[in-house]
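*Asks:* give the three-dimensional model of this entry:
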Amino acid sequence: MTTVRLLREADVRAALPMAACIEAVESALVAYSSGEAELPSVIHLDVPEARGEIHVKAGHIHGAPAYAVKVASGFYAADPPAIDGLVVVFDAATGAPVAFLLDGGYVTDTRTGAAGGVAARWLAPEHATVVGVVGTGIQARRQVEALRCVRDVTEVRVWGRDADRASAAASDIGGVIAPTVREAVDAADVVITCTASTEPLVRAEWIAPGTHITAVGSDGAGKQELDPELLRRADVLVVDSLDQCWRLGELQHALDVADRAVELGTVCAGTSPGRTSSTQLTVCDLTGVGVQDVAAANAVLANAGDSGELLSV
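*Replies:* Residues are numbered from 1 along each chain as shown. I've put the predicted structure just below:
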């Protein structure tokens, strides 16, 4: 018999505040880019009749007490979209399962937001206060939450195709509705894109020098939120994973500048330059890597105390 801890969504939320997740994800990205992590290819499964997409990610950070396998799903035919997930955590010394995180997608949402927080810490203007958010889903909320951990945000503008969802998102994050994408990003210090778009939403001519862009939505072949010219104009072009972004991220639409892209982990480690002046345009293309889930899962177990239920399996 093996004893496994079952942590439900409330337990995971309590054990994984955004600030702690940002620290864990930054360390994980450094490990990944320095070759100190194991990360197999992502498995994608589609359920087209329900507009469902499932991602299976796994990873191990060398020296971490646990490795993890995560199944995250989004079913977009539902209203609102049904987002769910499960993380299975294993002892890195024996391979025995130690925890099931029935997190309802919270780990995915939070570690994705945390990666945006890491990107902003290293790439956003030091005195960034104005944020333009393109998208109204959970990442509109999580990305702004993470950004507020590293910058003093005073103004948030939200654009979305659905007025009711835009209103709800703006209310949740203390922002205002922007009637158009252009008005959302105009003169913003930070632009966050977090949609499921398959065509460019943000045009290069709308973005001023000195802006930082975090692009989150493109995590699959054909997805796209940014005018490729933005990647070409970027003074600093950063990705979470060169391999993944080449295939799945915004970078897939601007492969002619792929040789200029550097991984976020190398920027955090100081081996690649981040922002060095207030006038630089910086772009960070985030597709999500499995080490983020591993880092988040380890943080949950470290902070959970006696929470959850013990199961004999």
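*Asks:* pull up the distance across stretch 94-110, start to finish.
*Replies:* 28 Å (Cα to Cα, to the nearest Å).
*Asks:* quick check: mean pLDDT across the host helix or strand of Leu301?
*Replies:* Leu301 is part of helix 290-303, with elements assigned from DSSP states H and E. Along helix 290-303, the predicted confidence averages to a pLDDT of 96.
*Asks:* could you name the helices and strands sitting against that helix?
*Replies:* helix 9-15, helix 18-33, strand 52-61, strand 66-75, strand 82-91, strand 97-102, helix 106-123 (3 or more Cβ pairs under 8 Å, 6 or more residues apart in numbering; DSSP states H and E). Glycine gets a C-beta too; all of them are placed from N, C-alpha and C.
*Asks:* for Ala124, give me phi and psi.
*Replies:* Dihedral angles phi and psi of Ala124 (degrees, to the nearest 10) take the values phi -70, psi 150.
*Asks:* how much space separates it from Val150?
*Replies:* Computed with Cβ to Cβ, to the nearest Å, the distance linking Ala124 and Val150 is 7 Å.
*Asks:* comparing these two, which residue is more hemmed in?
*Replies:* Between Ala124 and Val150, counting by other Cβ atoms under 10 Å, Ala124 is the more crowded of the two (27 against 18).
*Asks:* ok, the more buried one - contacts?
*Replies:* 147, 150-151, 189-190, 212, 275, 282 (Cβ atoms under 8 Å, 6 or more residues apart in numbering).
*Asks:* excluding its backbone neighbours, what's nearest it?
*Replies:* Distances taken as Cβ to Cβ, 6 or more residues apart in numbering put His212 closest to Ala124, at 4.2 Å, once the chain neighbours are dropped.
*Asks:* cool, Ala20 as well?
*Replies:* Closest residue in space to Ala20, ignoring its immediate chain neighbours: Ala299 at 5.7 Å, by Cβ to Cβ, 6+ apart.
*Asks:* dump the residue contacts of that neighbour.
*Replies:* Residues near Ala299 by Cβ under 8 Å, 6+ apart: 15-16, 20-21, 24.
*Asks:* could you do Arg203 as well?
*Replies:* Arg203 sits in contact with 182, 227, where contact means Cβ under 8 Å, 6+ apart.
*Asks:* how near is it to Val238?
*Replies:* Counting by Cβ to Cβ, the gap from Arg203 to Val238 is 21 Å.
*Asks:* ditto for Glu36
*Replies:* Here Glu36 is placed at a distance of 19 Å from Val238 (Cβ to Cβ).
*Asks:* pLDDT (mean, whole number) over stretch 151-158?
*Replies:* For stretch 151-158, the mean per-residue pLDDT is 98.
*Asks:* meant to ask about stretch 32-48
*Replies:* 93.
*Asks:* only C-alpha atoms, please: export that stretch in CSV.
*Replies:* Output of stretch 32-48 as CSV, limited to C-alpha atoms (Å, rounded to 0.1, in the frame of the first residue of the first chain):
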residue,chain,number,x,y,z
TYR,A,32,15.5,24.6,-17.8
SER,A,33,17.6,26.9,-19.9
SER,A,34,20.8,25.8,-18.2
GLY,A,35,20.2,22.1,-18.9
GLU,A,36,19.3,21.2,-15.3
ALA,A,37,15.8,19.9,-16.1
GLU,A,38,14.2,17.1,-18.0
LEU,A,39,11.3,18.1,-20.2
PRO,A,40,9.7,15.7,-22.7
SER,A,41,7.5,16.9,-25.6
VAL,A,42,4.0,18.1,-24.9
ILE,A,43,1.1,15.8,-25.8
HIS,A,44,-1.8,17.6,-27.4
LEU,A,45,-5.2,16.1,-27.6
ASP,A,46,-8.2,17.7,-29.3
VAL,A,47,-11.9,17.0,-28.8
PRO,A,48,-13.2,19.1,-31.8
